[in-house]
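>>> With the sequence up front, the predicted model follows.
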Amino acid sequence: MTDKEIELYKLEIEELTELLKTEWLDLRETLKNAEFEVENILLIAYCEDDNNGEHGILFTKEKRVIEFEIHDTKLSLKDISDNENLKSEIPQVAVAMDFFDDLI
């Protein structure tokens, strides 16, 4: 990954995490209710689908990578930390691992 790519991923993670902490209150509350410490996680990927579902990936201070989906206010979580191809499939994971303290 080039330095420019790293900087772009860092910026994306910073922006998504800031939105989670300051503007996306419904998502923040859903994650808090699932016992996530929102102050200590990074939102490294996020999108909405055509059916108003939300999909994203969280990176925790314990260096766990959690995939989530929300449909009709129902939260589904999947720990994908042990996927051996994780860093190549989701480059934001490598950036979060290397720069967690700077990004949080």
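Structure's in. What do you need? On a predicted model such as this, the values are computed, not experimentally measured, just so you know. Residues are numbered from 1 along each chain as shown.
>>> how about the strands of the protein, start to end?
Taking DSSP state E to define them, one finds strands in the chain at 41-48, 54-60, 65-71, 74-79.
>>> Which among these is found nearest to residue 97?
Between residue 97 and the strands of the chain, the shortest separation by CB to CB is 7.7 Å, and it involves strand 54-60. Every C-beta, even on glycine, is put in place using the N, C-alpha and C of the backbone.
>>> my guess is residue 39 meets residue 17, correct?
No - counting by CB atoms under 8 Å, residue 39 stays clear of residue 17, with 10.1 Å between them.
>>> Next, the buried residues of the longest helix belonging to the chain.
Taking DSSP state H as the assignment, the helix of the chain that covers the most residues is helix 3-22. Of the residues in helix 3-22, those buried by neighbour count under the rule 16 or more other CB atoms under 10 Å are 9, 10, 12, 13, 14, 16, 17, 20.
>>> Now the third one. Nearest residue, chain neighbours left out?
The spatial neighbour of residue 12 that comes closest, neighbours along the chain excluded (CB to CB, 6 or more residues apart in numbering), is residue 92 at 7.0 Å.
>>> What residues does the one you found make contact with?
When the contact criterion is CB atoms under 8 Å, 6 or more residues apart in numbering, the partners of residue 92 are 9, 12, 13, 44, 45, 57, 59.
>>> give me every residue that touches the third one.
Contacts of residue 13 were listed using CB under 8 Å, 6+ apart, and they are 42, 43, 44, 92, 95, 96, 103.
>>> Apply 10 Å and report the result again.
Shown here is residue 13, whose contacts under the criterion CB atoms under 10 Å, 6 or more residues apart in numbering are 42-45, 59, 92, 95-96, 99-100, 102-104.
>>> repeat for the fifth one
Contacts for residue 45 were tallied using CB under 10 Å, 6+ apart; they are 9, 12-13, 16, 55-59, 65, 67, 90, 92-93.
>>> Count the residues that sit near the closest residue to residue 28 other than its chain neighbours.
Leaving aside its chain neighbours, residue 28 sits nearest to residue 38 (5.3 Å; criterion: CB to CB, 6+ apart). Here the neighbour count serves as a burial measure; for residue 38 (other CB atoms under 10 Å) it reads 16.
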